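> Need coordinates for the below:
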Amino acid sequence: MRRDLKKELRHLYLPSPKVVQQVDVPTLRFLKIDGQGDPNTSSVYGEAVQALFALSYALKFRAKKSPLEINYAIMPLEGLWWADDMSSFTSGDRSQWQWTMMIMQPDFIDGDLIEQTRIAVMAKKDLPGLERVRLESFTEGLSAQTMHVGPFSAEGPTIERVHRFIEESGRERIGKHHEIYLSDIRKADQSKWKTVIRQPMGVR
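Okay, here's the model as predicted:
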């Protein structure tokens with residue numbers, strides 16, 4: 001049995017870049033890890049991403065070989081971003097950025113399997129971030145989102161489009177700025193990077 005959750009949840013993970021859309025995001029389960037600092041230079045950020053992918057791939061192989069015999073595609077890396085002083089996002093002081101990096105997990109991946117797999121991975125690899133990874137349900141609910149195509153440094157106008165959509169809908173921004181990274185930035189040209197930009201919204 002093979003599953004591709006990104007295709008099953010196409011409306012959440014593959015939006016059009018041409019329009020901003022309103023979506024209702026259900027409760028989903030993620031491996032998560034928190035941190036602070038510049039994602040381009042922080043060793044903690046690099047360790048967090050490495051730990052998330054190492055554990056996610058190990059879980060995939062265990063599920064495939066277990067009685068479940070389910071082969072599923074690894075979901076993309078996602079990030080929640082904020083700061084105590086939001087001006088740090090425009091001032092360039094990335095050291096103040098706070099983040100939660102996460103990868104969605106299928107509903108049949110439970111806590112016991114994660115702990116067993118974590119122990120097995122730690123026995124083979126020295127991954128400082130692995131101990132800080134947790135499984136957690138996450139509900140965003142009503143949100144606005146679109147696809148940004150291009151480098152992260154050019155996201156500004158796309159984010160403004162999402163914020164304007166929320167304001168014109170008579171709602172207000174709540175929760176945290178959410179990005180979903182669909183491209184392998186090690187291989188793809190920056191001009192073709194695809195990132196889902198999502199912002200939860202509530203009644204004004």
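> contacts, neighbours, all on C-alpha from now
Fine.
> residue ranges with poor pLDDT in this protein?
By pLDDT under 70, the weakly predicted segments of the chain are 86-92.
> domain parsing for it?
Here the domain assignment for the chain is 1-26+140-204, 27-138, based on automatic domain parsing.
> quick one, what contacts the residue nearest the centre of the chain?
Centroid check for the chain by CA atoms, centre = their mean gives Glu78 as the closest residue, at 1.1 Å. By CA atoms under 8 Å, 6 or more residues apart in numbering, the residues touching Glu78 are Met101, Met102, Ile103, His178, Glu179, Ile180, Tyr181.
> how much space between it and Lys6?
The gap separating Glu78 from Lys6 is 13 Å, by CA to CA, to the nearest Å.
> So which of the contacts of Glu78 wins on neighbours?
Met102 (27 neighbours; other CA atoms under 10 Å).
> For it, name its beta-bridge partners.
For Met102, the beta-bridge partners are Lys32, Glu78 (DSSP bridges).
> my read: it touches Leu31, true?
Yes. Under the criterion of CA atoms under 8 Å, Met102 makes contact with Leu31 at 5.4 Å.
> what's the overlap in contacts for these two?
With CA under 8 Å, 6+ apart, Met102 and Leu31 have common neighbours Leu52.
> residues in contact with stretch 8-19?
The contact list for stretch 8-19, computed with CA under 8 Å, 6+ apart, reads Lys6, Lys7, Gln21, Val23, Val25, Gln145, Thr146, Met147, His148, Val149, Ile180, Val196.
> Name the nearest of those relative to Gly35.
Nearest to Gly35 among those, counting by CA to CA, is Ile180 at 17.2 Å.
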